[in-house]
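Peer 1: need coordinates for the following:
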Amino acid sequence: MDKQKVLKILNDLKPHRELAEWMIALIDAWFMDKETYQNMLFMIASAIKKISDWEKKEKLKKDFEELKNSEKREKIGE
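Peer 2: Reported below is the predicted structural model:
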């Protein structure tokens, strides 16, 4: 998990998704198992789809894709 990328995306989602702050708290406390992390990624993807500001939405989609791609590279490297 790229903690900094996830935190950046969640901070950008704060105005659009109330649960973003709770997810940030979980990450900061390192209370994040694999299942919780996967659920959080699903929540992020869903929240991004609901953003009405097109520019903000596209930026977050790009950041999220970068996060997913970096995770794929990590899995390949394992």
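Peer 1: list phi and psi for Met32.
Peer 2: Backbone torsions of Met32, given as degrees, to the nearest 10, read phi -140, psi 100.
Peer 1: excluding chain neighbours, give the residue nearest to it in space.
Peer 2: Nearest non-adjacent residue to Met32, counting by C-beta to C-beta, 6 or more residues apart in numbering: Leu26, 5.5 Å away. C-beta here means a position set from N, CA and C on the backbone, and glycine is covered the same way.
Peer 1: surely that neighbour and Asp33 touch.
Peer 2: No - using C-beta atoms under 8 Å, Leu26 is not in contact with Asp33, being 9.9 Å away.
Peer 1: more neighbours, those two?
Peer 2: More neighbours surround Leu26 than the other of Leu26 and Asp33, with 16 against 9 (other C-beta atoms under 10 Å).
Peer 1: using PDB, list the CA coordinates for the helix or strand hosting the more buried one.
Peer 2: For Leu26, the element it lies in under DSSP states H and E is helix 20-28. C-alpha atoms of helix 20-28 as PDB (Å, rounded to 0.1, in the frame of the first residue of the first chain):
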ATOM      1  CA  ALA A  20     -12.800   9.900   4.000                       C
ATOM      2  CA  GLU A  21     -11.800  11.300   7.400                       C
ATOM      3  CA  TRP A  22     -12.400   7.900   9.100                       C
ATOM      4  CA  MET A  23     -10.400   6.100   6.500                       C
ATOM      5  CA  ILE A  24      -7.500   8.600   7.000                       C
ATOM      6  CA  ALA A  25      -7.600   7.900  10.700                       C
ATOM      7  CA  LEU A  26      -7.500   4.100  10.100                       C
ATOM      8  CA  ILE A  27      -4.500   4.500   7.800                       C
ATOM      9  CA  ASP A  28      -2.700   6.900  10.200                       C
END
